[in-house]
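Chemist: Sequence and computational prediction follow.
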Amino acid sequence: MIKNIIEKGLLLTSFAFLTNSQSQSLPIKINEIYVDSERDSEEYVELYNPSAEPVNLKGYILKLIDTTPESFVFLKDTIIEGNGFYVIQNPPGAQNNSGQIILYDSLSNIVDEVVYGNWTNSFAPEGKKIGIYDSISRFPDGTDNWGLAKSSKGQPNNELIPKTTLTAQLSNTNSIIVTVNPAPYSYILQSRTLGGSSWNNLATNLNPGTYLRFEETIKGKEGRLYRAKAID
């Protein structure tokens, strides 16, 4: 009797190990999030299977967290092919530009999550549209490199929006020169004191793809911060 119990225990342990191992070896990624739409029906969350093996999404749960009550999507008996995509169109809740999305597998293990915008511990950008860039995306697909991109629902993600770089250097003891690289969107150059909270516009409505070289006198002023803020 003891032997049988031990054997059954080993079998059960082995089965659980194989199940968890399979779940870990076939991860599904939250690959793209489209939230900044005038119509809720256009919003979506895209999943991506980075492995070569098909995965059944039955029992998977998508948890959506933002300033509205938490909502859930219970995935049905659906196969996502190897290197394929699955789109959850118009998920429940009012998706905001900041939030958190968690994907659980059928064993309630966290498979993937993304925290975006101004949400606590975020690592992905805000979902607000900038020019043609309107979705929070990984690029390349399935990697940890997040940014804004042109939406590509159910297809390989597009390249991310080029990052604006801003450099500053002292020209002499009395002034500072700030340079902003070309960007594919309009932007405003702003500055504020280190201890302040209000940003002052130094140059506005700068056109896409234009360089800016700005010189400001700093003699007798507190330390200052500079930023290039994208605008629609």
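Modeler: Yep, it's here. Numbering: from 1, shown residues only.
Chemist: so S152 sits right up against S137, yeah?
Modeler: Yes: S152 is within contact range of S137, at 7.4 Å (criterion: CB atoms under 8 Å). C-beta coordinates here come from the backbone N, C-alpha and C atoms, glycine included.
Chemist: so what sits against both of these two?
Modeler: Taking CB atoms under 8 Å, 6 or more residues apart in numbering as the criterion, S152 and S137 both touch E32, N158.
Chemist: Where does the prediction get shaky in the protein?
Modeler: Where the chain drops to pLDDT under 70, the residues are 1-26, 171-173, 182, 220-221, 232.
Chemist: one step back: higher neighbour count, S152 and S137?
Modeler: Per other CB atoms under 10 Å, whichever of S152 and S137 has more neighbours is S137, with 28 against 18.
Chemist: got the contact list for whatever helix or strand the more buried one lives in?
Modeler: Element membership for S137 (DSSP states H and E) is strand 135-138. Strand 135-138 is contacted from outside by 29, 31-35, 48, 114, 116, 124-125, 127, 144-152, 157-158, 160, using CB under 8 Å, 6+ apart.
Chemist: Who are the packing partners of the helix or strand that it is followed by?
Modeler: For strand 135-138, the succeeding helix or strand toward the C-terminus, using DSSP H and E, is strand 146-149. Helices and strands touching strand 146-149, by 3 or more CB pairs under 8 Å, 6 or more residues apart in numbering; DSSP states H and E, are strand 135-138.
Chemist: CA atoms of the strand or helix carrying F72 as PDB?
Modeler: Assessed by DSSP H and E, F72 sits inside strand 71-74. The C-alpha trace of strand 71-74 is given here as PDB (Å, rounded to 0.1, in the frame of the first residue of the first chain):
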ATOM      1  CA  SER A  71     -11.700  43.800 -15.700                       C
ATOM      2  CA  PHE A  72     -10.900  40.300 -17.000                       C
ATOM      3  CA  VAL A  73     -10.900  38.400 -20.300                       C
ATOM      4  CA  PHE A  74     -11.400  34.600 -20.000                       C
END
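Chemist: List the strands paired with that strand, with their directions.
Modeler: strand 61-65 (antiparallel) (DSSP bridges).
Chemist: And the helices in the protein?
Modeler: Here the chain has its helices, by DSSP state H, at 2-25.
Chemist: who's in contact with the strand holding F72?
Modeler: Under the criterion CB under 8 Å, 6+ apart, residues V45, I61, L62, K63, L64, I88, P91, P92, G93 lie in contact with strand 71-74.
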